[in-house]
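In: this is a predicted model, with the sequence first.
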Amino acid sequence: MNTLLLDTEQWDLVLDASGNIAMATPPYALAQDVASAVKTFLGELWYDTTQGIPYFSEVLGKLPPAALLTQLISDQALTVPGVVTAECSITSFNARGVSGQINFTDDTGETTIVNF
């Protein structure tokens, strides 16, 4: 799967040495896709409003149980093509934000950890 390379600080497009939009390559591309999936708010994608995590309606400002949040994030990571297993660990959670790690295995058997 082709994935545009995103700057890790601004989460914005990056140019390659030739001035073209840079492409991410495996295994980083899959890790970036997982991070993008769990950062997506439900309804945010205009081409498929069923994708994303219900951050506004169920998470931010609500403080749901950690088990529910880790399940929502793990389930969203599993929507990325090539991801076989995903396990979320929350490192910070309050009314204004959530951060953590996702440990996932891809269809080649490689295990990767992604911070979000």
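Out: Great, that's in hand. Numbering: from 1, shown residues only.
In: what about Trp11, distance to Asn103?
Out: 21 Å (C-beta to C-beta, to the nearest Å). All C-beta spots, glycine's among them, are computed from the backbone N, C-alpha and C.
In: run me through the strand neighbours of the biggest strand by length in the chain, direction for each.
Out: Among the segments of the chain that qualify as a strand by DSSP state E, the longest is strand 83-94. Counting by DSSP bridges, the strands paired with strand 83-94 are strand 97-106 (antiparallel).
In: OK, contacts around the residue most central in space within the chain?
Out: Central residue of the chain (C-alpha atoms, centre = their mean): Ala35, 2.4 Å from the mean position. Counting by C-beta atoms under 8 Å, 6 or more residues apart in numbering, Ala35 makes contact with 102, 114-116.
In: list buried residues within the residues you listed.
Out: Neighbour counting with 16 or more other C-beta atoms under 10 Å marks 102, 114, 116 as buried within the contacts of Ala35.
In: count the neighbours of the closest residue in space to Gln32 that isn't next to it in sequence for me.
Out: Excluding the flanking residues, the one nearest Gln32 by C-beta to C-beta, 6 or more residues apart in numbering is Ala24, at 5.3 Å. Using other C-beta atoms under 10 Å, the number of residues around Ala24 comes to 18.
In: ditto for Pro54
Out: For Pro54, the number of neighbouring residues by other C-beta under 10 Å comes to 14.
In: for the residue nearest to Gln32, give the beta-bridge partners.
Out: When assigned by DSSP bridges, Ala24 has beta-bridge partners Thr3.
In: coming back round to it: biggest separation within the contacts of Ala35, which pair?
Out: Ile102 and Asn115 (8.2 Å; C-beta to C-beta).
In: state the number of residues packed around the closest residue to Leu45 other than its chain neighbours.
Out: Spatially, and ignoring its direct neighbours in sequence, Leu45 is nearest to Gln51 (5.1 Å; C-beta to C-beta, 6+ apart). Residues lying near Gln51 (other C-beta under 10 Å) number 15.
In: is it correct that Gln51 falls within a helix?
Out: No: using DSSP: H, G, I helix; E, B strand; the rest coil, the secondary structure at Gln51 is coil, not a helix.
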